[in-house]
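> sharing a model that was predicted from the sequence below.
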Amino acid sequence: MSGSRRVGIAAITGASLLWGTTGTAATFAPGAGPLAIGAAALGIGGLLQAVIAVPALRAAAPALRANRRAVVVGSLAVAIYPLAFYSSMHLSGVAIGSVVSLASAPLASGLLERFVDRRRLSRWWMLAATLGILGSLLLCLSKLDGPAASAGGTVAGIGLGLVAGASYAVYSWAAHGLMSRGVGRSASMGAVFGGGGILLLPVLVATGAPLIASPQAFAVAGYMALIPMFLGYVLFGLGLARVSASTATTVTLTEPAVATVLAVLIVGEQLTSVGWAGLAVIAGVLVILAAAPATSARARGGAGGLEPASGALSAPGMF
């Protein structure tokens, strides 16, 4: 495996470690609803991505205009993701909501790369994605003996989890596509996440009052915006420039594993042997992805060792 790919996987793993803290952090602001938490976390974090990328955005303005559809689609997906993700966990429970959201994202990424980019996915990726989903399901099963959500809430939460997984896959794919067309990493992430941050501002204004109601809630909002979302997505962008979107979303299956460990260590939740088996399976996914020569059958050079199929993702404005 190339050094660039190794760095990419390490950066995305680091982002997943940070993202895994959000569920535990949110427990310290119980008065804030899921829309407020999601809008504050990724809205402010996305705007900060744009702020640090202003020089790169100016330099890349012609390329971004040529690929404006990808920017718009990616920004919409960034805005949808946190609202659907945190609402899913609120309605169906943290275990089911996070597992459905994160386990469905690699599948959505794989479908995008297979049918839109016309990339043939390798058996390595299929194995890693399958094991990652299995490990996540084991984590979910280990927590099902907790307080049960209503049947209607569970169904709605699962539906929103699927929306979250799809939107996560779309913005990862859009940002990686911009990078593969020659737009720099900073400009790609700044445009997509800055656009999403702008779209989330009205939601934050409408729902964010509980986040400033107490110093503790304000500190939670600040932490989530600056550390998991801002710093986490800086690391995610570094990784996304070096590996495909399908690999990136598969690596981030470590997020529910991290969230589970923190819930055990800090919140005091108990983890069964099934849950520990799930953690072991997810650890195996990282080993497979680190050892695999490539995620895509078309992996060759370029941004992260990937080139789009002929005619895919190469025409300005395509998405």
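Nice, I can see it.

> with adjacent residues omitted, what lies nearest to residue 181?
Using C-beta to C-beta, 6 or more residues apart in numbering and skipping the chain neighbours, the partner closest in space to residue 181 is residue 67 (6.1 Å). Quick note: C-beta positions are derived from backbone N, CA and C, even for glycine.

> what about the helices in the stretch 101-250 of the chain?
123-143, 151-180, 185-207, 215-224, 232-240, 245-251 (DSSP state H, counting those that start in this stretch).

> tell me which of the ones you listed sits nearest to residue 101.
Of all the helices of the stretch 101-250 of the chain, it is helix 151-180 that lies closest to residue 101, at 4.0 Å by C-beta to C-beta.

> now do the closest one against helix 232-240, angle only.
50 degrees (axes from the mean of the first three to the mean of the last three C-alpha atoms, to 10 degrees).

> list the buried residues in helix 151-180.
Going by neighbour count (16 or more other C-beta atoms under 10 Å), the buried part of helix 151-180 is 154, 156-158, 160-180.

> how about stretch 272-289?
Buried positions in stretch 272-289, judged by neighbour count with 16+ other C-beta under 10 Å: 275, 277-279, 281-282, 284-286, 288-289.

> the helix or strand hosting residue 14: which residues count as buried?
Secondary structure from DSSP states H and E places residue 14 in helix 3-19. Neighbour-count burial for helix 3-19 flags 5, 7-19 (criterion: 16+ other C-beta under 10 Å).

> now render these as a markdown table, adding pLDDT and distance to residue 127.
Supplementary listing: the buried residues of helix 3-19 in a markdown table, determined by pLDDT from 0 to 100; distance: C-beta to C-beta, whole Å:
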| residue | pLDDT | distance to residue 127 |
| --- | --- | --- |
| 5 | 84 | 17 |
| 7 | 92 | 23 |
| 8 | 92 | 19 |
| 9 | 90 | 16 |
| 10 | 93 | 20 |
| 11 | 95 | 22 |
| 12 | 94 | 18 |
| 13 | 93 | 18 |
| 14 | 95 | 23 |
| 15 | 94 | 23 |
| 16 | 91 | 19 |
| 17 | 92 | 23 |
| 18 | 94 | 27 |
| 19 | 90 | 24 |
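
> please tabulate those in CSV, including the columns distance to residue 73.
Formatted as CSV, the buried residues of helix 3-19 follow (distance: C-beta to C-beta, whole Å):
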residue, distance to residue 73
5, 26
7, 27
8, 23
9, 26
10, 28
11, 24
12, 21
13, 27
14, 27
15, 22
16, 24
17, 28
18, 25
19, 22
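
> what's near enough to touch residue 31?
By C-beta atoms under 8 Å, 6 or more residues apart in numbering, the residues touching residue 31 are 210, 213-214, 217.

> in three-state terms, label it for me.
Here residue 31 is recorded as coil under DSSP: H, G, I helix; E, B strand; the rest coil.

> is residue 112 in contact with residue 177, as I believe?
No. Checked against C-beta atoms under 8 Å, the pair residue 112 and residue 177 is beyond contact range at 9.3 Å.

> thinking again about what came up before, okay, the helices of the stretch 101-250 of the chain, which one's buried deepest?
Across the helices of the stretch 101-250 of the chain, averaging neighbours per residue (mean count of other C-beta atoms under 10 Å) puts helix 245-251 on top, at a mean of 31.

> state the mean pLDDT of that helix.
Mean pLDDT, computed over helix 245-251, is 84.

> pLDDT weak spots in the stretch 101-250 of the chain?
The stretch 101-250 of the chain contains residues with pLDDT under 70 at 143-151.

> what about 80?
Scanning the stretch 101-250 of the chain for pLDDT under 80 picks out 102-103, 107, 117-122, 124-125, 128-129, 132, 135-137, 139-154.

> now do stretch 280-287: distance to the chain's middle.
A distance of 18 Å separates the centroid of the chain from that of stretch 280-287, by C-alpha atoms, centre = their mean, to the nearest Å.

> now do the contacts for the nearest residue to residue 228 once chain neighbours are set aside.
Of all residues not flanking residue 228 in the chain, residue 18 sits nearest, at 4.5 Å (C-beta to C-beta, 6+ apart). By C-beta under 8 Å, 6+ apart, the residues touching residue 18 are 227-228, 231-232, 235.

> which residue is nearest the centroid of this structure?
Nearest to the geometric centre of the chain sits residue 168, at 5.2 Å (C-alpha atoms, centre = their mean).

> ok, and the closest non-adjacent residue to that one?
residue 105 (4.5 Å).

> from memory the one you found sits against residue 249, does it?
Yes. Counting by C-beta under 8 Å, residue 249 is a contact partner of residue 105 at 4.3 Å.
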